[in-house]
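Trainee: Quick one: sequence and predicted model below, then my questions.
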Amino acid sequence: MPTTPREWIAERIADRRRDLPFADFFGADVTLVPMPTHAKQKENSLWVPRRLCDEMCRVNLAGAVSACIVRTTAVTKAAQSRPDERPTVEQHVRSMSVDRTIEELDDVVLLDDVVTRGATLMAASIKILEAFPRVRVRAIAILRTITDPEDFRSVEHPCVGTIKLYDSGKTHREP
């Protein structure tokens, strides 16, 4: 019986894996990469994506976890910003680095707890591909924001979507 929300999430995904539209995101050959917080990570601070990755690995959704994306300089926290003040993909790219001392990555799933427009995930995928050009990169978020209440279907509504990067550096996520 799960005792924490992250255990419940990991076990729910593991139990329903075959029925999910992103079932192929998981497997023993997959490395989960937690998205960094908006600021430099402090030791022993709460890092929800890392804890989710660890739980997903525990229930055999992935073979490994690699915290190889590191925030080197802080960016504005998207959840507390107006849409026009949120960091662009380029700002995220400049604020992140990749630990290149790790072994070559083949199949990566970037994991975030919440996706708004997808700028953090897009920037992280750019950084991973710069460091490991042959890697397969996909992303998953446990929650996605919904601007229009009419679009809300249920608390649990797994889906596959896309994140578009515009010339302006802004992103748009569908759905």
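Mentor: Received, thanks. Numbering: from 1, shown residues only.
Trainee: per-residue confidence for residue 7?
Mentor: Residue 7 carries a pLDDT score of 94 in this model.
Trainee: mind listing the strands for this structure?
Mentor: Secondary structure of the chain, counting by DSSP state E: strands at 27-34, 62-65, 69-71, 96-98, 107-115, 136-144, 162-165, 171-174.
Trainee: will you turn those strands into JSON lines that also has distance to residue 51?
Mentor: Where you see a C-beta, it was placed from the backbone N, CA and C, and this is true even at glycine. What follows is those, written out as JSON lines (distance: least, C-beta to C-beta, whole Å):
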{"stretch": "strand 27-34", "distance to residue 51": "8"}
{"stretch": "strand 62-65", "distance to residue 51": "10"}
{"stretch": "strand 69-71", "distance to residue 51": "16"}
{"stretch": "strand 96-98", "distance to residue 51": "20"}
{"stretch": "strand 107-115", "distance to residue 51": "9"}
{"stretch": "strand 136-144", "distance to residue 51": "11"}
{"stretch": "strand 162-165", "distance to residue 51": "23"}
{"stretch": "strand 171-174", "distance to residue 51": "23"}
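Trainee: which stretch among those strands comes nearest residue 20?
Mentor: With C-beta to C-beta as the measure, strand 136-144 is the member of the strands of the chain nearest residue 20 (9.9 Å).
Trainee: mean confidence score for that closest one?
Mentor: On average, strand 136-144 scores 93.
Trainee: Repeat that for stretch 69-76.
Mentor: pLDDT averaged over stretch 69-76 gives 93.
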